[in-house]
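>>> Test case, fold it:
(2 chains)
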Number of protein chains: 2
Amino acid sequence: MSILMVGSVALDDVRTPFGEVKDALGGSCSYASISASHFSDVAIVGVIGDDFPRRRLDLFRRHDIDLSGLQRIKGGRTFHWSGYYEHDMNQAHTLNTALNVFAEFRPAIPEKLRESEFVLLGNIDPDLQLEVLEQVRNPRLVLIDTMNFWISGKREQLLRVLRKSHIVLLNEAEARQLCDTVNLQVAAQRLLKLGLKRVIIKKGEHGCLMFSGDTYFAAPAFPLEMIKDPTGAGDTFAGGFIGYLASARSLNEMTFRKAVIAGTAMASFTVEEFSLKRLASLKSREIGERCDRLRNLSSFPKITIKSCQHGTH
Amino acid sequence: MSILMVGSVALDDVRTPFGEVKDALGGSCSYASISASHFSDVAIVGVIGDDFPRRRLDLFRRHDIDLSGLQRIKGGRTFHWSGYYEHDMNQAHTLNTALNVFAEFRPAIPEKLRESEFVLLGNIDPDLQLEVLEQVRNPRLVLIDTMNFWISGKREQLLRVLRKSHIVLLNEAEARQLCDTVNLQVAAQRLLKLGLKRVIIKKGEHGCLMFSGDTYFAAPAFPLEMIKDPTGAGDTFAGGFIGYLASARSLNEMTFRKAVIAGTAMASFTVEEFSLKRLASLKSREIGERCDRLRNLSSFPKITIKSCQHGTH
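Next up, the predicted model:
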């Protein structure tokens, strides 16, 4: 199955305690599409300026990513994010966000992509996410990502997108903010009431949680002794998750659990290097090994409790 | 197998957003022993004042807990903790700690208990933990719990206890503080270098991690929509963990994993009510059901990654 993704393609300046890069490939669509391409066919819809180096598009082409929906604006400059991380890698500090061509971006879905069965609405303005949903015909699965900026600034529009989507991806803080509760179990139940089929709450080094109306999955994180650059981890997860789903024969609880693990494995590679460096050179064998390790490090046998000899029987 | 536990038996005043109790049974030894008694025989060594209500000892007796090492000090007052929790239940706020008889406590292990194969050194002064280790003869497994107060105040003595123990239990913040790193993977490796066989890092609502020289286990937390009182959760975990181990025929990686899950299940009951109320009425059937649920909510099938069609092959 083919996946349609809408989001940003960017050039990033990133500094972490382990080094820095300038004008490196970034943006939600870049991470998510390269990640998903390891499992399925992918098409992206986004915008770049004519400052975007043409050789950077080679990476997408090498991964057979459909770029027919990627607008290139003459005289425009590409979306540029600069930021840094300190020793606590969970917290990104933004130095500057230059929207540039992204400020005027309106998603135009090429005709042949409107039949896409799998749609990833990257973290963009909820009004634009709604515009995407108006153009696609009858998607089987819509996955939406968002962020604190839209939760506080465009709450009503965001709720409208959520009501039209199947699965939402949030991190812990976003889930608490959106649902006004510290308890993630309660937050997830409130989100499911909007009509979402599933809710995925990402917890960084603590793994992630997936909720549906009648199932609950706690997924482990992949243990890493060093994280060089956490940028794009969430987008890589989203790409691996939807990529795995689009490659699966049927969608049931176990397919979704395996997709969460595939996304977790993919994200663990991204953070080992700056930008998309590690993701770009990744081999399927390595992905398989990491999924196996995630299974080994979280599995345990059935436990038999002998009838209690003491106290209340 | 029989377990020897050394720690506090206390009377607690606790307030949470869901209610409050005064002079309720508390202390690390109380939670840990009742928890462990669901799996194995337990003896406790500790101290109470003569203000300690005799009927409170009935709970221990009903669970066949050996009280021969519990000193009762004439004219003394029992260790008394008062504190509260706000909406973030991960953070206990102490209002007052009255050590009372605990201030002069010196653990005296009755002769017949010195042969104990399983020893839990509850969170007490490392000097006292060392005194316990000098009295026991040849324990098969020593589990040590501690806290930030001893990590900063008695670091050298604590390191000495750790070098003589097999397994240490820490929460995230304690592991980071003791090992001077934010990365828990790195912290665990540093602790293993002291000679410990295993390191367990508790992460509250995020479950816990268990490390050995060549294995790693990420255990899920039990999902709860409401936590009434988190007091004693860590001690209950320790009790369930060592209780399960002492009841097992052999100690291998899978036994340790099952013990972590048993501890997790026990702790999830404790926090559902104030003090030991829930733990005291617990049935083995309920423990088994919760262990089964922990297995169901964290398991997933093996993942097959098809050979990647795109990019680097």
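>>> Can you tell me how far residue A:138 is from chain B?
According to CB to the nearest CB, to the nearest Å, residue A:138 stands 26 Å off from chain B. Yep, even glycine has a C-beta here, placed from its N, CA and C like the rest.
>>> oh, I was asking about residue A:16
As judged by CB to the nearest CB, residue A:16 and chain B stand 13 Å apart.
>>> Now do the same contact list for the residue lying closest to that residue once chain neighbours are set aside.
In space, residue A:16 comes closest to residue A:85 once its chain neighbours are excluded; the distance is 4.6 Å by CB to CB, 6 or more residues apart in numbering or on different chains. Neighbouring residues of residue A:85 by CB atoms under 8 Å, 6 or more residues apart in numbering or on different chains: A:14, A:15, A:16, A:17, A:91, A:92, A:93, A:229, A:230.
>>> Neighbour-wise, which one of those leads?
residue A:229 (26 neighbours; other CB atoms under 10 Å in any protein chain shown).
>>> Hmm, that residue is touching residue A:274, no?
Yes. Residue A:229 is in contact with residue A:274 according to CB atoms under 8 Å; the separation is 4.5 Å.
>>> any shared contact partners between those two?
Shared contacts of residue A:229 and residue A:274, defined by CB under 8 Å, 6+ apart, comprise A:14, A:16, A:19, A:21.
>>> low pLDDT regions in chain A?
The model of chain A has pLDDT under 70 over residues A:1, A:307-313.
>>> any chance you could map the strands in it?
Assignment of strands within chain A using DSSP state E yields the ranges A:2-6, A:10-16, A:19-26, A:41-49, A:66-73, A:80-85, A:92-98, A:118-121, A:141-145, A:167-171, A:198-202, A:208-212, A:216-219.
>>> okay if I get those as a markdown table plus distance to residue B:196?
Output for the strands of chain A, formatted as a markdown table (distance: least, CB to CB, whole Å):
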| stretch | distance to residue B:196 |
| --- | --- |
| strand A:2-6 | 47 |
| strand A:10-16 | 31 |
| strand A:19-26 | 33 |
| strand A:41-49 | 47 |
| strand A:66-73 | 53 |
| strand A:80-85 | 31 |
| strand A:92-98 | 35 |
| strand A:118-121 | 44 |
| strand A:141-145 | 41 |
| strand A:167-171 | 33 |
| strand A:198-202 | 31 |
| strand A:208-212 | 30 |
| strand A:216-219 | 27 |
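>>> Mind giving me the packing neighbours of the top helix by length along chain A?
Across chain A, the helix with the greatest residue count (assigned by DSSP state H) is helix A:253-270. The elements that helix A:253-270 packs onto, with contact taken as 3 or more CB pairs under 8 Å, 6 or more residues apart in numbering or on different chains; DSSP states H and E, are helix A:28-36, strand A:208-212, strand A:216-219, helix A:233-247, helix A:277-280, helix A:284-296.
>>> Okay, buried residues for it please.
Neighbour-count burial for helix A:253-270, counted by 16 or more other CB atoms under 10 Å in any protein chain shown, picks out A:255-270.
>>> again with stretch A:140-158
A:141, A:142, A:143, A:144, A:145, A:146, A:147, A:150, A:151, A:154, A:157, A:158.
>>> which ones are touching the second one?
Which is residue A:142. A:119, A:121, A:133, A:164, A:165, A:166, A:167.
>>> Isn't the fifth one up against residue A:144?
Yes. Using CB under 8 Å, residue A:165 is in contact with residue A:144, at 4.4 Å.
>>> Quick check: neighbours shared by these two?
What both residue A:165 and residue A:144 touch, as defined by CB under 8 Å, 6+ apart, is the set residue A:121.
>>> Next, count neighbours for residue A:301.
Neighbours of residue A:301 under the rule other CB under 10 Å: 11.
>>> how near is it to chain B?
5 Å.
>>> For that residue, what are phi and psi?
Phi and psi for residue A:301, reported as degrees, to the nearest 10, are phi -80, psi 170.
>>> do the one 4 residues further on as well
Residue A:305 has phi and psi values of phi -100, psi 120 when expressed as degrees, to the nearest 10.
>>> List the contacts of it.
Residue A:305 touches B:38, B:39, B:262, B:284, B:285, B:287, B:288, B:291, counting by CB under 8 Å, 6+ apart.
>>> Show the contacting residues for the residue lying closest to the last one once chain neighbours are set aside.
Same thing as residue B:291. Spatially, and ignoring its direct neighbours in sequence, residue B:291 is nearest to residue A:303 (4.2 Å; CB to CB, 6+ apart). Residues near residue A:303 by CB under 8 Å, 6+ apart: B:258, B:261, B:262, B:288, B:291, B:292, B:295.
>>> measure residue A:303 to residue B:61 for me?
Distance, residue A:303 to residue B:61, by CB to CB, to the nearest Å: 28 Å.
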